[in-house]
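**Student:** With the input below, show me the fold.
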Amino acid sequence: MQDGDGALCVANVGHVLTQHSLWLQHLPRVQPFYAVKCNNDPMMIRILDILGCNFDCASKGEIESVMKLGVTADRIIYANPCKTASHIQHAASRGVRLMTFDNEQELCKVKKLYPSGHLLLRIAVSDPTALCPLNLKFGCDPVEEAPLLLKLAALMELRVFGISFHVGSGCRNASAYAEGIAHARRLRDYGLFLGHPMNILDLGGGYPGHQDPNYVSFEEIASVINSNLEEHFPADAGVRIIAEPGRFYAERAFTLYCTVIARTSVPASRITKNGFAISHLFFGRDGARFHIDNIILSLQEKQGKSYWSSVWGPTCDSLDLVVPCAKMSELEEGDLLVFENMGAYTLAASSEFNGFKRLVRFTMRPLWSSIIIL
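**Tutor:** Reported below is the predicted structural model:
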């Protein structure tokens, strides 16, 4: 990075170990299926495999990415309610049986292509204040639609093994889990009446990767989950409890380093829409080809006056805005910027738009070496 033409992510696998210990401590009944879409770096997959995690995949490519590292089919859930036909056939050929659905058309597709699949019915349970609500795209209505789909699956001689829900990535309201668990219990009872196995409950994702006052804590979420599991799905109920954490494991483990490649001074009104003081536009070596919503730091710890500033990525895309408006010290070309908590939906969502290469990832060797010998 000495020539200012680079950006890199540094992975601290110690954070992954810490998060896994936290999960086992607070959610001992819940088996984690890591959401590969969050960060599909082979290092992450390998570490979580060693730790005994299972995997949530949403496509043929994700299934292959974990299986080529030695993960067996019984440790994968194909958690995409609307699947490509060829991907269903691929899952069948690879022996990945557990998969989600949320509509009649998907049932017909599975009946034709993979009738021996183990189905989970995805219901709509959402925290509308979550960072990424998901109910607009996935999940059937748990009261009106879900019972009809369970009945239809029984008539089609397809077996539904349980209920799945996802409150949304970046949950801010732990009570959404309580709502989902209550719906799942009612639907389990009806599914059993229809002859379905109904022995799995999938709690989805939404678990925070680091402490943030704007979000509910992992400990609070775990407390709500545990109390509601005890009420609706006690340990002797014969139900396997799983979940799909992604951000929880990946977010804090990666830190982004990039350099300022250019800067210019502009009227403050251009940034703040208010006032006429001087402001600055800084152009970083990496941009918003993935989501950056983390606090920005300067390693130089510059002193002096601060200015209203924006940070932009290096591409020609007018949407490549990294930090829209923040008070920052005056930076110079070549200064190093640090973005913490950059492991979730960053590397996996990046692109090579305008010919800019994807990030290079480095791993702290002592911790990586200790993982390898486990």
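
**Student:** CA atoms only: put stretch 172-180 into CSV for me.
**Tutor:** Extracted C-alpha coordinates of stretch 172-180, given in CSV (Å, rounded to 0.1, in the frame of the first residue of the first chain):
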residue,chain,number,x,y,z
ARG,A,172,-33.1,-4.0,16.6
ASN,A,173,-36.1,-5.7,18.3
ALA,A,174,-35.6,-9.0,20.1
SER,A,175,-39.4,-9.5,20.5
ALA,A,176,-39.5,-10.5,16.8
TYR,A,177,-37.9,-13.8,17.8
ALA,A,178,-40.6,-14.4,20.4
GLU,A,179,-43.3,-13.8,17.8
GLY,A,180,-41.6,-16.2,15.4
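
**Student:** ok, residues contacting it?
**Tutor:** Residues from elsewhere that reach stretch 172-180 (C-beta atoms under 8 Å, 6 or more residues apart in numbering): 123, 125-127, 129-131, 165, 167-168, 171, 203-204, 206, 214-216, 220-221, 223-225, 228. All C-beta spots, glycine's among them, are computed from the backbone N, C-alpha and C.

**Student:** Mean confidence (pLDDT) on it, please.
**Tutor:** On average, the pLDDT along stretch 172-180 is 91.

**Student:** Could you pull out the buried residues of that stretch?
**Tutor:** If you call a residue buried by 16 or more other C-beta atoms under 10 Å, then stretch 172-180 has these buried ones: 172-174, 176-180.

**Student:** same deal with stretch 51-61?
**Tutor:** Within stretch 51-61, the residues scored as buried using 16+ other C-beta under 10 Å are 51, 53-60.

**Student:** Please identify which pair of these lies farthest apart.
**Tutor:** Distance extremes for those: the farthest pair is Leu51 and Lys60 at 25.0 Å, using C-beta to C-beta.

**Student:** Quick check: next helix or strand after the top helix by length along the chain?
**Tutor:** If you go by DSSP state H, the chain has its longest helix at helix 175-194. Next in sequence after helix 175-194, counting helices and strands by DSSP states H and E, comes strand 200-202.

**Student:** what lines up beside that following strand in the sheet?
**Tutor:** Using DSSP bridges, strand 200-202 pairs in its sheet with strand 160-165 (parallel), strand 240-243 (parallel).

**Student:** Filter the buried residues of stretch 51-61 down to the ones in helices?
**Tutor:** By the criterion of DSSP H, membership of the buried residues of stretch 51-61 in helices covers 51, 60.

**Student:** Let me have the buried residues of stretch 51-61 in a markdown table, extended by pLDDT.
**Tutor:** Output for the buried residues of stretch 51-61, formatted as a markdown table (pLDDT from 0 to 100):
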| residue | pLDDT |
| --- | --- |
| Leu51 | 95 |
| Cys53 | 98 |
| Asn54 | 99 |
| Phe55 | 99 |
| Asp56 | 99 |
| Cys57 | 99 |
| Ala58 | 97 |
| Ser59 | 98 |
| Lys60 | 98 |
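
**Student:** which among the buried residues of stretch 51-61 gets closest to Val16?
**Tutor:** Set against Val16, the nearest of the buried residues of stretch 51-61 by C-beta to C-beta is Leu51 (7.7 Å).

**Student:** show me what contacts Tyr34?
**Tutor:** 44-45, 48, 53-56, 244-246, 249 are the contacts of Tyr34 under C-beta under 8 Å, 6+ apart.

**Student:** Remind me which helix or strand it belongs to.
**Tutor:** Assigned by DSSP H and E, Tyr34 belongs to strand 30-35.

**Student:** try Pro115
**Tutor:** Assigned by DSSP H and E, Pro115 belongs to neither a helix nor a strand.

**Student:** before we move on, back to that, list just the nearest of the buried residues of stretch 172-180 to His87.
**Tutor:** Checking the buried residues of stretch 172-180 one by one against His87 (C-beta to C-beta), the nearest turns out to be Gly180, at 26.2 Å.

**Student:** how near is that closest one to Asn228?
**Tutor:** Distance of Gly180 to Asn228, given as C-beta to C-beta, to the nearest Å: 9 Å.

**Student:** what's the answer for Cys9, then?
**Tutor:** 37 Å.

**Student:** Arg46 now?
**Tutor:** Noted for Arg46: a distance of 34 Å to Asn228, by C-beta to C-beta.

**Student:** Same question for Val322.
**Tutor:** Remark: distance between Val322 and Asn228 (C-beta to C-beta) = 39 Å.

**Student:** Now do the helices in the stretch 251-374 of the chain.
**Tutor:** Ranges of helices in the stretch 251-374 of the chain, per DSSP state H, counting those that start in this stretch, are 269-272, 365-372.
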